[in-house]
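A.B. asks: Here's a sequence, model it:
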Amino acid sequence: MKLILACDPKGGIGYQNKLPWDKIQGDLPRFKQLTEGQVIVMGRNTWDSLPKKPLPNRLNIVITNNPLNYPEDVIATNDLNRLKDYDVWLIGGAKLIESCWDKITEIHLTKTFAIYTCDTYIDMLKLEEFRLVKEELFPSHAYQIYKR
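C.D. replies: The predicted model follows:
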């Protein structure tokens, strides 16, 4: 399982179920390039926050306790074991990431240099379980790849 996300230096990933920043240069094109044609997995709050549902050209899997009322081309389940049959990109949110840390083998992280007002965070200490294998620096952020 690969994780793709953006956060601020404190691990902030969201505010009121939205991204806390407007845009991070190159982040969305990179997200699209890496996940297009792939399987993406998200929690219900992440699904709810998507401006366009489902994300096109990907198999969308939503982990939810209420798998009703999703489009027929979306897999909605509360069984994380169903993921073992797929090579997936985990795209959020924080609760799902927290429950999947032991399954994650690779992280693609866009880390802003600015700190934002956030109400949703990931545990940045978990990155210590991985090794940094690539880093690109930009004026407002770093793009990092970690592997277990």
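A.B. asks: tell me the pLDDT at the residue nearest the centre of the chain?
C.D. replies: Nearest to the mean C-alpha position of the chain, by C-alpha atoms, centre = their mean, lies Ile91 at 2.3 Å. Ile91 is assigned 98 on the pLDDT scale.
A.B. asks: quick one: it and Val39 touch, right?
C.D. replies: No - contact between Ile91 and Val39 fails when scored by C-beta atoms under 8 Å: they sit 10.5 Å apart. No exception for glycine: its C-beta is placed from N, CA and C like everyone else's.
A.B. asks: re the thing from before, list phi and psi for the residue nearest to the centre of the chain.
C.D. replies: phi -110, psi 0 (degrees, to the nearest 10).
A.B. asks: Tyr146 now?
C.D. replies: phi -120, psi 150.
A.B. asks: so what's it bridging to?
C.D. replies: Here Tyr146 shows beta-bridge partners Ile107, Leu132, assigned using DSSP bridges.
A.B. asks: residues making contact with stretch 91-103?
C.D. replies: Residues from elsewhere that reach stretch 91-103 (C-beta atoms under 8 Å, 6 or more residues apart in numbering): 1, 3-5, 13-14, 31, 35, 40-43, 45-46, 63, 80, 83, 90, 104, 120-123, 126, 129.
A.B. asks: residue boundaries of the helices in the chain?
C.D. replies: Remark: helices assigned in the chain by DSSP state H are 27-35, 44-49, 94-100.
A.B. asks: and the end-to-end length of stretch 72-83?
C.D. replies: End-to-end distance for stretch 72-83: 18 Å, by C-alpha to C-alpha, to the nearest Å.
A.B. asks: buried ones in that stretch?
C.D. replies: 75-77, 83 (16 or more other C-beta atoms under 10 Å).
A.B. asks: Could you do stretch 18-29 as well?
C.D. replies: Those would be 19-21, 24, 27, for stretch 18-29 by 16+ other C-beta under 10 Å.
A.B. asks: And for stretch 53-61?
C.D. replies: Those would be 54-55, 58-61, for stretch 53-61 by 16+ other C-beta under 10 Å.
A.B. asks: Let's see which of the residues you listed end up in strands.
C.D. replies: 59-61 (DSSP state E).
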